[in-house]
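Peer 1: Test case, fold it:
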Amino acid sequence: MRNYRGRISGPLRDRFDIHLEVPRVPASDLEGHSAVEPSVRVRDRVTRARAMQRRRFKATPTRTNAAMTSPQIREHSAPDEAGRRLLSAAVERMGLSARAHQRILKVARTLADLEGEGRILQAHLAEAIQYRLLDRAAP
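Peer 2: The predicted structure is shown next:
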């Protein structure tokens, strides 16, 4: 994976909202009945989150959080003080770009929507920041 990550330039990698390393699933886990959230429940959460986005952007050409403009990010993705401190520290420590900062806010907004939460909480930002960790992994 390091080989491939090294081939992707930072500016290109910066344009991906979520960076995840997905480990191989052992065959024993595939055969068993693990405790996973049923697809129907996931679909319902996504449907509710998309409905929140439709209401949020009803008077605009924007349809999803991923398509938010900078002013929309400021309006709809403003974290509380604890969240601001966390995000600021992450940007500083990880050397994240302005683009990564905005993408983190968009992902955090979506995570909040998936929980039916109107505000972006510190936990949403923490999770969104984790999705950027491959940004900073050494190639």
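
Peer 1: C-alpha only now, for contacts and for neighbours.
Peer 2: Fine.

Peer 1: these two touch, right, residue 63 and residue 55?
Peer 2: No. If you go by CA atoms under 8 Å, residue 63 and residue 55 don't touch, sitting 9.3 Å apart.

Peer 1: of the two, who's got more company?
Peer 2: residue 63 (16 against 10; other CA atoms under 10 Å).

Peer 1: sec struct for that one, please.
Peer 2: coil (DSSP: H, G, I helix; E, B strand; the rest coil).

Peer 1: who touches it in this structure?
Peer 2: Residue 63 is in contact with 53, 54, 57, counting by CA atoms under 8 Å, 6 or more residues apart in numbering.

Peer 1: so how far is residue 35 from it?
Peer 2: Distance, residue 63 to residue 35, using CA to CA, to the nearest Å: 33 Å.

Peer 1: Leaving out sequence neighbours, find the closest residue to the residue sitting nearest the centre point of the chain.
Peer 2: Residue closest to the average C-alpha location in the chain (CA atoms, centre = their mean): residue 107, at 2.8 Å. Of all residues not flanking residue 107 in the chain, residue 128 sits nearest, at 5.7 Å (CA to CA, 6 or more residues apart in numbering).
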